[in-house]
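Asks: sequence and predicted model, in that order:
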Amino acid sequence: MNRILQSLALLAVLATVPFGASHAVAGIVPVSEAIKEMALGSKDAPVTILEFSSLGCPHCANFHRETLPLIKKEYIDTGKVRLVFNDFPLGTPALAASMVAHCAGPKKFFGFIEIIFSSQAQWARSNNPLEALSKVARFGGMSSADVDACLKYEGLLTHIRQNAQAASDKYKVNSTPTFVINGEIVSGAQPFENFKKVIDKALAK
């Protein structure tokens with residue numbers, strides 16, 4: 001967890017120029033929108049999946065590419081499951097990516113993280129990941145100025161930092177992806193069949 005907190009502190013250096021916490025520029029939402037819960041599915045769903053992911057994590061990208069679409073089709077779209085995305089950024093580039101995705105707002109968030117995951121190899125391995133992220137963000141309608149403004153959202157930075165610490169304290173999360181399905185912890189990008197067993201068991205209770 002110390003590595004995460006160090007990364008958060010490093011990114012905080014990027015945000016030394018104040019930026020209005022309640023105002024947004026063209027391509028980003030206000031902080032009040034950026035810190036809202038990012039979730040898929042009905043609030044009335046009997047099963048909740050808490051996902052803890054780092055946008056720079058290849059296994060997390062694999063889950064979103066291979067497994068989440070199956071979970072969505074069978075359980076989320078049918079009202080049985082609600083998935084709540086929680087940021088657990090491992091490293092400064094992943095933290096910056098999380099902030100940018102949140103600045104897209106709740107309606108665009110999941111589409112935005114799919115763009116970020118699909119281009120992960122390009123920005124995460126770049127010599128200048130923030131510049132590379134800015135280029136990726138253009139596909140989601142954000143300009144470089146939008147990204148710069150987003151990274152100055154101190155309220156968002158604090159929100160991500162506190163949530164990551166809470167995940168570590170409450171669920172002992174120390175790697176990504178980690179999932180909590182109605183209290184049961186599932187570690188790693190497991191195949192759909194493994195998730196299905198845990199979800200079906202939770203639904204049967």
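Replies: Everything's here; your move.
Asks: buried residues in the lengthiest helix in the chain, which are they?
Replies: The helix spanning the most residues in the chain, taking DSSP state H as the definition, is helix 154-171. Burial within helix 154-171, assessed by neighbour count using 16 or more other Cβ atoms under 10 Å, is assigned to 156, 157, 159, 160, 161, 163, 164, 167, 168, 171. Placement of C-beta: from N, CA and C, glycine included.
Asks: the nearest residue to residue 175 once chain neighbours are set aside bridge partners, please.
Replies: Excluding the flanking residues, the one nearest residue 175 by Cβ to Cβ, 6 or more residues apart in numbering is residue 187, at 6.8 Å. Under DSSP bridges, the beta-bridge partners of residue 187 are residue 178.
Asks: residue 187: how many residues sit nearby?
Replies: Residue 187 has 13 neighbouring residues, counting by other Cβ atoms under 10 Å.
Asks: where's residue 85, which helix or strand?
Replies: strand 81-87 (DSSP states H and E).
Asks: in its sheet, what does that strand sit against?
Replies: The pairing partners recorded for strand 81-87 under DSSP bridges are strand 38-40 (antiparallel), strand 47-53 (parallel).
Asks: tell me the most buried of the ones you listed?
Replies: Comparing the strands paired with strand 81-87 by mean neighbour count (mean count of other Cβ atoms under 10 Å), strand 47-53 comes out on top with a mean of 23.
Asks: only alpha carbons, please: show the helix or strand that that strand is followed by as PDB.
Replies: As assigned by DSSP H and E, the chain's next helix or strand after strand 47-53 is helix 58-62. Taking Å, rounded to 0.1, in the frame of the first residue of the first chain, the C-alpha atoms of helix 58-62 are listed here in PDB:
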ATOM      1  CA  PRO A  58      -3.000  -6.200 -17.700                       C
ATOM      2  CA  HIS A  59      -5.000  -8.700 -15.700                       C
ATOM      3  CA  CYS A  60      -7.700  -6.000 -15.100                       C
ATOM      4  CA  ALA A  61      -7.800  -5.200 -18.800                       C
ATOM      5  CA  ASN A  62      -8.200  -8.900 -19.500                       C
END
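Asks: and the contacts of helix 58-62?
Replies: By Cβ atoms under 8 Å, 6 or more residues apart in numbering, the residues outside helix 58-62 that reach it are 53, 54, 117, 118, 120, 176, 177, 188, 189.
Asks: rerun at 7 Å
Replies: With contacts defined as Cβ atoms under 7 Å, 6 or more residues apart in numbering, helix 58-62 is touched by 53, 54, 117, 120, 176, 177, 188, 189.
Asks: residue contacts, the third one?
Replies: Contacts were defined as Cβ under 7 Å, 6+ apart; by that measure residue 117 touches 55, 61, 64, 65.
Asks: cool, and the fifth one?
Replies: Counting by Cβ under 7 Å, 6+ apart, residue 176 makes contact with 52, 53, 54, 57, 59, 60, 88, 90.
Asks: so the residue at minimal distance from the centre of the chain bridges to which residues?
Replies: Centroid check for the chain by Cα atoms, centre = their mean gives residue 87 as the closest residue, at 4.3 Å. Judged by DSSP bridges, the bridge partners of residue 87 are residue 53.
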